[in-house]
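Peer 1: Next input, structure requested:
(one chain, ligands or ions: 1)
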Amino acid sequence: MGLPIGIFDSGLGGLTVVRAIRRRLPNESVVYFGDTARVPYGIKSGDTIIRFAAEDCEFLGRYDPKFIIVACNTASAVALPSLSRRFRQPILGVIEPGARAAAEVCGDRPIGILGTEATISSGAYRRAIERRIPGATVIERACPLLVPLVEEGRRPDDPLVRLAVAEYLAPLQAADVGSVVLGCTHYPLLKEAFADVLGPDVALVDSAEAVADEVAYLLSSYRMLESSGDAVQRFFVSDNPDRFRDVGRRFLGEDLAHVTLVSQDEFLKAPKRMPAHAATRSAADRLEETL
Ligand code: DGL
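Peer 2: Predicted coordinates:
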């Protein structure tokens, strides 16, 4: 088994990223941390999100990942610059890949961004799109009801989901958006509801798929792809592994093996500096320059 890809999220939503990675890169091992004790991040302050995200990275560092994906849109939007400065491992967030995909498929029309309150108020997606398309019209909308609806098991055809989605999408429809970023780990599970309201000529960008494409490209460019088929997935959570296993199945699309509860003591015991595996160090350095 080669070095794993580290992935973290505020809870179980990041399993949509694990799912996309597994589909694209089945030989890659994954070590996942879900901060289920402190979820949600989407309504917390910037300082708190940055602190939590740094602790999550430190925890993953114990497993010597070849690099780390910040699956959580909120943590990517708010904490990525600080994480990249602080840790030696290359760290990839979901904002840039999602923004790039949305800019490519918007067809010169405005771009819509959906996300948590913290993601939207950070303006990170807007800035990433404006770097690609100067002067682009970007319509942003926080959708705080959608995370709890998904976690409760509501499906895209549920009347409550329909109502909330129609309300949140109204300003995007009015602006005649050409693409919409589903900028939250949970929204891909409601994709059909968004598609029904927006119609077939609006492209939906799943940030989980976009980051998986980017990871595949980077690993292959730097010859860091695993070739053997002995990949393993390990999942760590800071609270309630049973709920993570039950609800997480819907996000991952399969049963979760190896879910381990990390006690708070154990979590905070993580080394303050992440080890870097010597064999991947130079490839990782080059990868970092690309990011
Ligand atoms: N994972 C978060 C995101 O993608 C959603 C849940 C939360 O608020 O923590 O923004």
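Peer 1: For the most centrally placed residue in the chain, give me its contacts.
Peer 2: The centroid of the chain falls nearest to A71 when counting by CA atoms, centre = their mean (2.3 Å). By CB atoms under 8 Å, 6 or more residues apart in numbering, the contact list for A71 reads I7, F8, D9, G13, G14, T16, V17, V18, V94, T185, A208, V211. Heads up, the C-betas are built off the backbone N, CA and C, glycines and all.
Peer 1: how near is the closest residue to it other than its chain neighbours to the ligand?
Peer 2: Once flanking residues are discounted, A71 sits nearest to G14: 3.1 Å by CB to CB, 6 or more residues apart in numbering. G14 sits 6 Å away from the ligand, taking CB to the nearest ligand atom, to the nearest Å as the criterion.
Peer 1: Repeat that for P65.
Peer 2: As judged by CB to the nearest ligand atom, P65 and the ligand stand 19 Å apart.
Peer 1: Wait, P144 touches A118, no?
Peer 2: No: at 10.3 Å, P144 and A118 do not qualify as touching, with contact defined as CB atoms under 8 Å.
Peer 1: Close to the ligand: what parts of the chain are there?
Peer 2: Proximity of the chain to the ligand, by CB under 6 Å from any ligand atom, involves residues 9-11, 13, 39-42, 72-74, 116, 119, 147, 184-186.
Peer 1: out of those residues, which are inside helices?
Peer 2: N73, T74, T119, V147 (DSSP state H).
Peer 1: which ones are touching the first one?
Peer 2: Read that as N73. N73 makes contacts with V94, I95, G98, G115, T116, T119, G183, C184, T185, S207, as judged by CB under 8 Å, 6+ apart.
Peer 1: In this structure the fifth one contacts C184, no?
Peer 2: The one in question is T116. Yes: checked against CB under 8 Å, the pair T116 and C184 is within contact range at 5.7 Å.
Peer 1: Quickly list what's touching both of the two.
Peer 2: In contact with both T116 and C184: G42, N73, T74, C143, V147, using CB under 8 Å, 6+ apart.
Peer 1: Need the nearest residue in space to the residue in the stretch 151-291 of the chain that the ligand sits nearest to, chain neighbours excluded.
Peer 2: Across the stretch 151-291 of the chain, no residue is closer to the ligand than T185, which sits at 3.7 Å (CB to the nearest ligand atom). Closest residue to T185 apart from its sequence neighbours, by CB to CB, 6+ apart: G13 at 2.8 Å.
Peer 1: ok, V247 to C184 distance?
Peer 2: 16 Å (CB to CB, to the nearest Å).
Peer 1: Which of the two has more residues huddled nearby?
Peer 2: Neighbours per residue, other CB atoms under 10 Å: of V247 and C184, the larger number sits with C184, 26 against 19.
Peer 1: So, low pLDDT: which residues of this structure?
Peer 2: By pLDDT under 70, the low-scoring segments of the chain are 270-291.
Peer 1: Ramachandran coordinates for the residue nearest to the centre of the chain?
Peer 2: phi -70, psi -30 (degrees, to the nearest 10).
Peer 1: Next, the distance between the ends of stretch 77-96.
Peer 2: End-to-end span of stretch 77-96 (CA to CA, to the nearest Å): 10 Å.
Peer 1: So which bits of that stretch are buried?
Peer 2: 77-80, 83-84, 86-87, 89-96 (16 or more other CB atoms under 10 Å).
Peer 1: Please state the offset of it from the chain centre?
Peer 2: Mean-position distance between stretch 77-96 and its chain equals 12 Å (CA atoms, centre = their mean, to the nearest Å).
Peer 1: got it, and stretch 192-210?
Peer 2: On CA atoms, centre = their mean, the centre of stretch 192-210 falls 17 Å from that of its chain.
Peer 1: Contacts for that stretch, please.
Peer 2: Applying CB under 8 Å, 6+ apart, the contact partners of stretch 192-210 are 16-17, 19-20, 71, 73, 94-95, 97-98, 100-102, 105-107, 114, 156-157, 161-162, 165-166, 169, 172-173, 177-185, 187-188, 191.
Peer 1: Just the ones in strands from the residues you listed, please.
Peer 2: Within the contacts of stretch 192-210, residues falling in strands by DSSP state E are L114, S179, V180, V181, L182, G183.
Peer 1: By neighbour count, sort out the buried ones in those.
Peer 2: Neighbour counting with 16+ other CB under 10 Å marks L114, S179, V180, V181, L182, G183 as buried within the ones in strands among the contacts of stretch 192-210.
Peer 1: Who are the contact partners of the fourth one?
Peer 2: When you say that, I think you mean V181. Counting by CB under 8 Å, 6+ apart, the residues that V181 touches are G98, A99, A101, A102, I111, G112, I113, L114, G115, Y125, V205, S207.
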